[in-house]
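[1] 3D, please:
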Amino acid sequence: MENFLTGYSGHEHEHLAALNEVPTPAPLLCEADAELFASLALNCLRVSFNYRHFMDDDSSDVTKEPGFQLLDRIVNICSKYNTDSGLSRVLFWEFRDFQGRAIQLWTPGPMPGIPSSRHTTRSTSRQTPSTRGPSRGTIGWKRPFEPLTQAKCCSSTATRTPWTVRHLTLQTLPNAVYSCHDYSMTGFPLPEQYKGTEAREKKLRVSFERRVKLMRGAGVPIWNSELGPVYRDPRTDADAAETNAKRFALLREQLAIYRACGGVSWSIWPYKDVGCQGMVYLDPESPHMRLMRPFVEKKQRLGLDSWACAGKTQLHALVYQPLISKPKDVVPEHLRQKKYPKIWTFDRQVERVARECLMSEYLGWKLAEAFEGKTEEELEELAGSFALEKCLRRDGLSWIPQMDTRVPLTKGKKGASVELG
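    The predicted structure is shown next:
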């Protein structure tokens with residue numbers, strides 16, 4: 001679960017370790033959630049699992065049955081309603097052991113009954129080194145267990161598309177879908193906001209076409225596996241209503257582009273969170289938010305999340321720029337963008353390590369102190385804040401996708417979905 005969704009800082013495994021194995025609360029996804037998806041005509045739910053749900057680092061040959069039980073529970077709930085690390089880089093492609101563990105999880109032995117289920121597996125070449133290339137890594141990793149996945153839909157997302165993969169020729173696998181992310185920077189807390197001008201609409205279309213160029217060239221279905229702006233909180237931002245109206249307009253225009261392209265499948269990101277971006281979000285007066293609010297506000301003031309939930313321009317100038325300036329002067333200018341990913345500036349590299357990793361880890365320990373002494377009943381009450389009946393719905397965000405899923409298409413077929421972080 002990403003940090004901006006539930007409020008912690010840094011990385012999830014650090015958060016869980018800091019909580020010192022607090023008893024696991026009730027699952028996040030319940031039947032009411034699946035029923036809501038179905039009512040909106042959404043037909044796909046993406047749930048993020050970590051390999052630690054299924055394996056222990058100290059005993060990688062032993063699988064954890066509770067992890068599969070949790071996955072089975074989600075699959076069964078959705079089928080009832082016909083809804084089908086602490087480092088600064090992702091290391092999946094760096095270590096063959098990680099790839100081997102993923103293949104091990106796909107063998108029939110540890111997962112009896114799973115091959116008959118309709119679900120999606122997704123490998124994300126989020127930070128694949130350019131020397132290996134996302135295509136080589138993805139194809140090579142999937143070949144050993146390709147026969148096991150023929151009854152399913154395997155998806156591969158190159159998150160840094162088009163910058164790292166636009167030069168590649170896609171070697172498609174049978175029964176595979178490749179996806180992109182189509183975020184617009186005008187949907188984030190940056191100076192330039194979306195305006196429904198002809199020039200802006202053209203820029204959105206050009207950006208989308210660039211991101212799906214590989215899929216068009218390979219003749220495979222197009223799936224935008226993530227889109228959606230972030231939203232402002234009217235309790236803390238006097239201009240929230242005006243800003244959010246612009247971001248709803250941006251989302252409407254993106255969905256119009258997908259319809260005009262013959263029916264592109266898309267996934268709204270995410271379904272449920274603490275108020276940043278979700279279609280459903282926690283009540284600000286819920287037990288969880290009352291406990292978390294001081295920490296979340298501090299986290300935003302320090303800009304600890306990499307995801308743009310708050311403007312960071314002033315914060316950068318006051319807090320982090322002094323930390324960056326001296327080291328930057330030492331590094332020759334022609335080397336400042338040599339480190340992967342090369343589209344990042346030197347400033348961004350330092351921010352990633354100092355702000356999003358180091359500072360986040362320190363404050364993560366502070367967050368854990370808020371849970372000290374909680375009884376199991378109190379923890380259950382906190383987890384209950386995520387129950388749909390206790391959450392608030394972002395009506396504009398629910399209505400826009402619903403209108404899109406109800407529109408008949410004249411060409412092709414389209415899938416629409418929501419993603420659970």
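[2] can you pull the contacts of D56?
    Residues in contact with D56 (C-beta atoms under 8 Å, 6 or more residues apart in numbering) are V62, K64. For glycine as for every other residue, the C-beta is placed from the backbone atoms N, C-alpha and C.
[3] and it, how close does it get to Q99?
    From D56 across to Q99, the span is 18 Å (C-beta to C-beta, to the nearest Å).
[4] and what of T375?
    42 Å.
[5] which one's more surrounded, these two?
    Q99 (18 against 9; other C-beta atoms under 10 Å).
[6] how much space separates that one from V353?
    Distance check for Q99 against V353: by C-beta to C-beta, it reads 26 Å.
[7] now the helices for the stretch 251-400 of the chain?
    Here the stretch 251-400 of the chain has its helices, by DSSP state H, counting those that start in this stretch, at 287-302, 313-315, 321-330, 346-351, 360-369, 376-384, 395-406.
[8] any chance you could list what contacts the last one?
    Right, helix 395-406. Helix 395-406 is contacted by residues 40-42, 228, 231, 244, 248, 251-252, 255, 258-259, 268, 278-279, 416, 418 when judged by C-beta under 8 Å, 6+ apart.
[9] can you point out the buried residues in whatever helix or strand I103 lives in?
    Per DSSP states H and E: I103 is located in helix 96-106. Neighbour-count burial for helix 96-106 flags Q99, R101, A102, Q104, L105, W106 (criterion: 16 or more other C-beta atoms under 10 Å).
[10] so what secondary structure elements neighbour that helix?
    If you count contacts as 3 or more C-beta pairs under 8 Å, 6 or more residues apart in numbering; DSSP states H and E, helix 96-106 packs onto strand 59-63, helix 134-142.
[11] those: lowest mean pLDDT?
    For the helices and strands packed on helix 96-106, mean pLDDT drops lowest on helix 134-142, to a mean of 46.
[12] next, count neighbours for E31.
    Counted with other C-beta under 10 Å, E31 comes out at 13.
[13] that one contacts N76, doesn't it?
    No - E31 is beyond contact range of N76, at 9.9 Å (criterion: C-beta atoms under 8 Å).
[14] show me where the stretch 101-250 of the chain dips below the pLDDT cut-off.
    By pLDDT under 70, the low-scoring segments of the stretch 101-250 of the chain are 106-170.
[15] low-confidence ranges, the stretch 301-421 of the chain, go.
    Residue ranges of the stretch 301-421 of the chain with pLDDT under 70: 308-314, 403, 405-421.
[16] residues contacting R200?
    Contacts of R200 by C-beta under 8 Å, 6+ apart are T186, Y194.
[17] got the phi and psi for it?
    Main-chain dihedrals, R200, degrees, to the nearest 10: phi -70, psi -40.
[18] do you know how far K80 is from K366?
    Here K80 is placed at a distance of 41 Å from K366 (C-beta to C-beta).
[19] just A383 next, same as before
    Distance from A383 to K366, by C-beta to C-beta: 21 Å.
[20] neighbour count winner among these two?
    In this view A383 and K366 are compared by other C-beta under 10 Å, and A383 has more residues nearby, 17 against 12.
[21] isn't A368 up against S9?
    No - look at A368 against S9 with C-beta under 8 Å: they stay out of range, at 10.6 Å.
[22] give me the common contacts of the two.
    H15.
[23] out of these two, which sits in the more crowded spot?
    Each of A368 and S9 had its neighbours counted (other C-beta under 10 Å), and the higher figure belongs to S9 (26 against 18).
[24] quick check: closest non-adjacent residue to the more buried one.
    By the measure of C-beta to C-beta, 6 or more residues apart in numbering, the closest residue to S9 outside its immediate chain neighbours is S360, 4.0 Å from it.
[25] count of neighbours near S207?
    A count of nearby residues for S207, using other C-beta under 10 Å, gives 16.
[26] which helix or strand contains it?
    Using DSSP H and E, S207 sits within helix 198-211.
[27] got the contact list for Y183?
    Counting by C-beta under 8 Å, 6+ apart, Y183 touches E226, L227, G228.
[28] quickly note the distance from the first one to N3.
    Computed with C-beta to C-beta, the distance linking E226 and N3 is 16 Å.
[29] show me what counts as buried in stretch 373-391.
    For stretch 373-391, burial by neighbour count (16+ other C-beta under 10 Å) applies to K374, L379, E381, L382, A383, S385, F386, L388, C391.
[30] just stretch 242-259 next, same as before
    243-244, 247-255, 257-258.
[31] got the contact list for it?
    Residues from elsewhere that reach stretch 242-259, judged by C-beta under 8 Å, 6+ apart: 182, 184, 186-187, 193-196, 201, 204-205, 208, 224, 227-232, 237, 264, 266, 396-397, 400-401, 404, 407, 409, 414.
[32] buried subset of these?
    Among these, those buried by neighbour count (16+ other C-beta under 10 Å) are 182, 184, 186-187, 193-194, 201, 204-205, 208, 224, 227-232, 264, 266, 396-397, 400-401, 404, 414.
[33] next, the buried residues of stretch 351-366.
    By neighbour count on 16+ other C-beta under 10 Å, the buried set for stretch 351-366 is E351, A354, R355, E356, C357, M359, S360, E361, L363, G364.
[34] for the last one, give me its contacts.
    Contacts for G364 (C-beta under 8 Å, 6+ apart) come out as Y8, S9, G10, E14, H15, A18.
[35] most neighbours of all these, which one?
    The most crowded member of the contacts of G364, judged by other C-beta under 10 Å, is Y8 (28 neighbours).
[36] how about T186, phi and psi?
    Main-chain torsions, T186, degrees, to the nearest 10: phi -70, psi 0.
[37] so it sits against T197, correct?
    No - with contact defined as C-beta under 8 Å, T186 does not count as touching T197 (11.0 Å).
[38] next, the angle from the helix holding I103 to strand 59-63.
    Going by axes from the mean of the first three to the mean of the last three C-alpha atoms, to 10 degrees, helix 96-106 is angled at 10 degrees with respect to strand 59-63.
[39] what's the neighbour count on the closest residue to M289 other than its chain neighbours?
    Excluding the flanking residues, the one nearest M289 by C-beta to C-beta, 6+ apart is L282, at 5.1 Å. Neighbourhood size, L282 [other C-beta under 10 Å]: 23.
[40] so what sits opposite L282 in the bridge?
    Note on L282: beta-bridge partners by DSSP bridges are C391.
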